[in-house]
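Q: Pasted the sequence and its predicted model underneath.
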Amino acid sequence: MRKVTLMDVFTHPVAQKYLTRSGVAHAVACAYHAYRLAIKAGIDPDMATKAALLHDIGHYEWYTDGEWDYDKYKQYDIHAIKGAERAHKLLIRLGEEPKAAKEIALAILLHTDSYLPEGDLEKNKLQRIVKKADELDEEPGGNHHYRKIDDRLAIQKIKQLDQMVDDVRLPMTKTV
Ligand SMILES: [Fe+2]
């Protein structure tokens, strides 16, 4: 049995605060993409779904004179750094295994390379999956951050995904 479920993560006030800012619908969609990609890659979907769910919790807004300032955002954005830190703190607080919390935080840190120095980083499977899951749900102009989802439907989808993760983990953990 997993120590921390997606429901534990999703319903925590810290996650709720930041996910409503960056888009609950986007977070849930990415978690589902990450599940499929993890299964396809033959890795445990537990960390992939958690990382994808939390990948944007470091988002904040840049305003100049009350107006959204995209240039400023592009220039100063560190949402992946903030997100990795927030996710790590939240997961540890919930009782996540420290190794898993670190892997999840690293995948969040590397989910976008817009702020990283030039050059190719060699990413592991989990890190590539979280990046890909995000890209699969992207809409032009950042619209994916503003797509709406009903609260009850979001909870229902998270519960269902928890069940899906548990179902594949059973045979996986048996072989270890
Ligand atoms: Fe995203």
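A: Arrived safely, thanks for sending. Model, not experiment: these values are computed from the prediction.
Q: who touches the closest residue to T11 other than its chain neighbours in this structure?
A: For T11, ignoring the flanking residues on the chain, the nearest one in space by CB to CB, 6 or more residues apart in numbering is I155 at 7.7 Å. C-beta here means a position set from N, CA and C on the backbone, and glycine is covered the same way. The contact partners of I155, taken as CB atoms under 8 Å, 6 or more residues apart in numbering, are 7, 10-11.
Q: Same check on I104?
A: By CB under 8 Å, 6+ apart, the contact list for I104 reads 47, 50-51, 54, 87-88, 91, 96.
Q: Intersect those with the contacts of the ion.
A: Checking the contacts of I104 against the ion by CB under 5 Å from the ion, not one of them is in range.
Q: wait, which of the contacts of I155 is closest to G141?
A: Checking those against G141 with CB to CB, the nearest one is F10 at 26.2 Å.
Q: Make sure the closest one is actually in contact with L53.
A: Yes. In this structure F10 lies within contact range of L53 using CB atoms under 8 Å: 6.6 Å.
Q: Can you check which residues contact both of the two?
A: Common neighbours of F10 and L53 (CB under 8 Å, 6+ apart) are 19, 158.
Q: so the residue nearest to T11 is in which element?
A: Using DSSP states H and E, I155 sits within helix 151-174.
Q: could you give the mean pLDDT of that helix?
A: Averaged across helix 151-174, pLDDT comes to 89.
Q: Alpha carbons only: can I get it in CSV?
A: Output of helix 151-174 as CSV, limited to C-alpha atoms (Å, rounded to 0.1, in the frame of the first residue of the first chain):
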residue,chain,number,x,y,z
ASP,A,151,-14.5,20.4,-7.9
ARG,A,152,-16.4,17.1,-7.5
LEU,A,153,-15.3,15.8,-10.9
ALA,A,154,-11.7,16.6,-10.1
ILE,A,155,-11.9,14.6,-6.8
GLN,A,156,-13.6,11.8,-8.6
LYS,A,157,-10.9,11.7,-11.2
ILE,A,158,-8.1,11.7,-8.6
LYS,A,159,-9.8,8.9,-6.7
GLN,A,160,-10.1,6.9,-9.9
LEU,A,161,-6.4,7.5,-10.8
ASP,A,162,-5.4,6.4,-7.3
GLN,A,163,-7.2,3.1,-7.9
MET,A,164,-5.5,2.7,-11.3
VAL,A,165,-2.1,3.3,-9.7
ASP,A,166,-2.8,0.8,-7.0
ASP,A,167,-4.0,-1.8,-9.5
VAL,A,168,-0.8,-1.8,-11.5
ARG,A,169,1.4,-1.6,-8.4
LEU,A,170,0.1,-4.8,-6.9
PRO,A,171,1.7,-7.1,-9.5
MET,A,172,4.7,-4.8,-9.7
THR,A,173,5.5,-5.0,-6.0
LYS,A,174,5.0,-8.7,-5.9
